[in-house]
Every structure is written in structure tokens, then in C-alpha cells.
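1. My questions concern the predicted model and sequence given below.
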Amino acid sequence: MKLKLVAVVASMSALGLISGPAIAGAKQNDTNTTPAAHHDYKDYKGTAEKVCSITPNAMTMVEMSQNVGRSIPNPCNPGWFNRIRVSGGINLDLGKWGNRNANIMGENYQTLSLNDAYLNLTGQVNDWTTVFASLSYMTATTNANPAPYKGVGLAEYDAAYANNIGGTANNTLQIEQAFATVANFDETPVYLQVGKFYQDFSRYEIHPITASMTQVMSETLSTSLKLGFLVDNFNGSVFVFNDPINKIGASSTPTNYGVSVGYDLNNPDFGWDIGAAYLYNIIGANDVAWSVTNFTGGGYNSRVSAVALYGDVNYGPFMVAARYTQATQRFNVNDMTKNGNADLAAGSFAIGSGFAVTPAATATGAKPWAAGIQAGYGFDAWSMSQNVYLGYQTSREAAGLNLPKNRWLVGYGVDALKDTNVAAEWDHDTQFSTSNGGLGNATNLVSVRASVKFG
């Protein structure tokens, strides 16, 4: 006769015991912190039902360890392996040739680095709730700026990935994302997300070989609350989160928010998407916060809103992607100057020195923007899937973000083995002139990446 498991102890729910995954082969004793189970049988509508309860001693142990209300592994909740999915991968950047000291935000200059090693876990809690978590570790270029002044003009690969917005250079294992989604699209087009995730402000690839200029201005990773909808290929959302740095004079980080709308037609033969987003304060973008912190030594003076636009088209093996991000207001001149270091008062710029960073009397605040377009072609040859791509990016008034004025890039990737890809990319950057805050150089960087993934 088929047996059906039922929960009968109300206090199990209160302690968070029946919601946790089971550990196979858990010891059945009263002193194990993994709750012990006791099984009885009772007649329920003519069938024998297995009844599971947690022993009083096990419940007391949970209380004594201050874990009341948390999900605790227990043998009364079997089948967790049917609701958990695991995937992951490794991106190994194993070659960097060319100008490895160009100091451009978003470029990784490490000869050999993990970028990144990650493990993704998803869980189906119930018909309405799913959870996602991503553990990540990376060792790409990171700058630890000296105190008491952060200095001006120091770039790194990405402040969010390194937990380095404050200059702590913390390339350690981190929970990069962790959020819950409440959604049932068979019942309603509306969904809710809460936790740490990337905001829907522009579109980009996380941990790319080189971050695009628009990604540097757009990437926003923060603990957030998001309310959105998906209906007939249309999507939209409203999200709120705290800025990564404080406003100067404030004791806590201000609350930021954004709005996004888009249309997304996913079709492998012919698909396209288009969208727009608004961000109340672009300080919410992690690399922007890093650059402002470099300038001010900590915190920002005035908020600056921003907009982002994106569009993609794929037709068979061809694809084209376009991106645009712009600050809609000028930065406070004490947060970011129009021409970066060129707008500083004489004698004020010295990385790591005791000099304060002071804008020149004639300086104005920056109103940066960045744009990019990229085309790609996928094909099969020698029994391997391959792709080539070509792109162009440009920016203005972005020397304070350590971006170049123009960039050409070309790349090639091949699936050498199942779930194993090898790619190479060449970036040709033309920096701003010295009068506009750059070094006036043309630089080249060639990168090679080997990637594996599973799940």
C-alpha cells in the first residue's frame, strides 16, 4: 500500500523544521542538532498514513542554538533533491598581451586569473516561490587605494565583483546573488523578487572578458525589492535598493529606485528585444560609485539620474546588439569633473599623498554618456560550434570614469569540447586627450579565455 507522509506537529512549522531539506541517513537521537524523527501510523480515510514528528529534545536543541524559525535539515521533509538544481562553471583568463597598464575601467590586466569560478543553486519552494543563489570567486584586476585619500584616476576590472567599492580589495568568495522570486504566471503576470541581484538597468553579460563602456555605467548589483510583470512579450519592473556609498554628511546610504519597460520576442530563427530604464541616482551603478569614491575620498555630494536604452536582433546565425547609457544631469563638480584629472587645481592631484583633491575654479561637472554596437555570426565548422563578433563603443565626458573615448573590438570563440569554450578578444582603445582628462594614447589588449560549465 502506498504510504503518504503528513506533518502533524504544529510546532515543527513554528521552528522552521518542516520547511528544511532532509539529510539522508540522519542519526535518530535526541542530542543531534539535526532534528530526530519519530514515525507512527494512523488510519486516515481508510489508508495507512505515516506520521512524522520531531522529538521534544531535538526541538529544544534548536531553541538553544537560536535557530527558531530557520530552515533546519530534518528527516520529516524528504525529497529535497527533487527541488534543488545545481550548476556552475569556471572562466579562466589565461593570457593578456599588449598594454597592461592602460588603466581603463572594465579591463582585466592579470596575466592569469579566475574570472570567475561560480556555483549556482536554484530551489523550488512551492508552486509560487523559487530561490536562487550564486557563489562566486574572482581574481581579476583590483586596486586597493591608499588612505586617507582614495586618489583619482585608479581603474579596476569591476568594483562589484571584488566587493571593492570602498577600496578594500576584497577578492574573496562571495554570495554574488541570492534572491527569492514569488511568481505563478499561470495565475497572474505579476511577480515579486527580493534579495541581492542585478537591476534591470540596461542589459549586459556579467563577468565578460572586457566590460563594455555602457556596462561600466549601468551595472547595478544590490540587495533590492522588485515588483514586475511579464505579459504577451512585454515586461516591466519597479525596483528599490540602497546606494553602495553614503551621501556626504549622511550616516546611512540613501534609498535609490529605478523603472524599466521592454518587449522581448525570444525566437531562435528571428527574435528581437527593445527596452528602456530610468535610474533615480546613477551612484547606484557600482563602478560609478567606485569612481566617485576615488574622487571624493568617500561618499558623494549630489544625486544624478540616468537613462539606459538597449536593443537586440537575431536572424538565424546573425545578431546585432546596441546599448546606450547617459547621465541626465551634470555631476556635482566635487563628485566628478567634466575632464577628469585635467580639471583639478594645480598641485591637488597626487595619488596617496596628503593633498586634497580640489577642482579648478573653472571646472564643471561631468555629464557622461556611453554607447556601443556589436554584431556577431555563429557557425559550425570541424564539428564544433563557433562564433565571431565585431563591435564599436564610444563615450563622452567619461574620463572621470576611466573610460576611453573610443574602442574597436573583435573576438572569436569555439566550443572545443562539450560545455567547454575557448575565446580570444582584441580591444583597441583610443583614450581621451590630456586636455580632456585622458592620457592621449591608443592602446591594445589581447585576452584569451577558457570556460567550462556544468548543469
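-> Noted; the coordinates are in hand. Because the structure is predicted, anything quoted here is derived from the model rather than measured.

2. make it CA atoms for all contacts and neighbour counts henceforth
-> Fine.

3. contacting residues for residue 163?
-> 169, 170, 171 (C-alpha atoms under 8 Å, 6 or more residues apart in numbering).

4. which outside residues touch the longest helix along the chain?
-> Assignment by DSSP state H gives helix 286-296 as the longest helix of the chain. For helix 286-296, contacts defined as C-alpha under 8 Å, 6+ apart pick out 149-155, 158-160, 164-166, 216-217, 219-221, 244-245, 282-283, 298-300, 334-336, 357, 400-402.

5. So which of these are in strands?
-> residue 221 (DSSP state E).

6. Now the buried members of the contacts of helix 286-296.
-> By neighbour count, with 16 or more other C-alpha atoms under 10 Å, these hold 149-155, 158-160, 164-166, 216-217, 219-221, 244-245, 282-283, 298-300, 334-336, 357, 400-402 as buried.

7. Now intersect those with the helices, please.
-> 216, 217.

8. ok, and the closest non-adjacent residue to residue 451?
-> residue 91 (4.5 Å; C-alpha to C-alpha, 6 or more residues apart in numbering).

9. Partner strands of the one helix or strand the one you found maps to and their direction?
-> Element membership for residue 91 (DSSP states H and E) is strand 84-98. Sheet pairing of strand 84-98 (DSSP bridges) gives strand 113-124 (antiparallel), strand 442-454 (antiparallel).

10. Next, format those as JSON lines and append mean neighbour count.
-> Output for the strands paired with strand 84-98, formatted as JSON lines (neighbours: other C-alpha atoms under 10 Å):
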{"stretch": "strand 113-124", "mean neighbour count": "19"}
{"stretch": "strand 442-454", "mean neighbour count": "19"}
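
11. Report the separation between residue 98 and residue 388.
-> From residue 98 across to residue 388, the span is 21 Å (C-alpha to C-alpha, to the nearest Å).

12. circling back to that earlier point, out of the contacts of residue 163, which end up buried?
-> Burial by neighbour count, judged by 16+ other C-alpha under 10 Å, picks out 169, 170, 171 from the contacts of residue 163.

13. Save those as CSV, and put in pLDDT, distance to residue 372 and secondary structure too.
-> Conversion of those to CSV gives the following (pLDDT from 0 to 100; distance: C-alpha to C-alpha, whole Å; DSSP: H, G, I helix; E, B strand; the rest coil):
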residue, pLDDT, distance to residue 372, secondary structure
169, 72, 29, coil
170, 70, 30, coil
171, 70, 29, coil
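
14. now, among those residues, which is nearest to residue 343?
-> residue 169 (27.6 Å; C-alpha to C-alpha).

15. my guess is the closest one meets residue 144, correct?
-> Yes - between residue 169 and residue 144 a contact is recorded at 5.0 Å, counting by C-alpha atoms under 8 Å.

16. domains for the protein, by residue range?
-> 4-64, 83-454 (automatic domain parsing).

17. Distance to residue 75 for those domains - can I get that in TSV?
-> Listed next are the domains of the chain as TSV, based on distance: least, C-alpha to C-alpha, whole Å:
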stretch	distance to residue 75
domain 4-64	5
domain 83-454	16
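
18. buried set for stretch 80-88?
-> Within stretch 80-88, the residues scored as buried using 16+ other C-alpha under 10 Å are 80, 84, 88.

19. Check stretch 198-215 too.
-> 198-204, 207-215.

20. And stretch 257-270, by the same measure?
-> So, applying 16+ other C-alpha under 10 Å, buried residues of stretch 257-270: 257, 258, 259, 260, 261, 262, 263, 264.

21. neighbours of the residue nearest to residue 317 when sequence neighbours are not counted, just the number please.
-> Counting by C-alpha to C-alpha, 6+ apart, residue 317 lies nearest to residue 378, which is 5.0 Å off, once chain neighbours are set aside. Here the number of neighbours of residue 378 (other C-alpha atoms under 10 Å) works out to 16.

22. before we move on, what about the one 5 residues further on?
-> Residue 383 is flanked by 9 other residues according to other C-alpha under 10 Å.

23. Phi, psi for it please.
-> The phi and psi values for residue 383, taken as degrees, to the nearest 10, are phi 60, psi 30.

24. Number the chain from 52, please
-> Sure, I'll start numbering at 52, so the last one becomes residue 434.

25. Reformat the strands paired with strand 135-149 as CSV; add distance to residue 277 and mean pLDDT.
-> Formatted as CSV, the strands paired with strand 135-149 follow (distance: least, C-alpha to C-alpha, whole Å; pLDDT from 0 to 100):
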stretch, distance to residue 277, mean pLDDT
strand 164-175, 19, 94
strand 493-505, 29, 96
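
26. which residues does residue 490 contact?
-> Each residue near residue 490 by C-alpha under 8 Å, 6+ apart is listed here: 482, 483, 484.

27. now residue 159
-> Shown in contact with residue 159 (C-alpha under 8 Å, 6+ apart): 191, 192, 207, 208, 260, 261.

28. Alright, that wraps it up for me.
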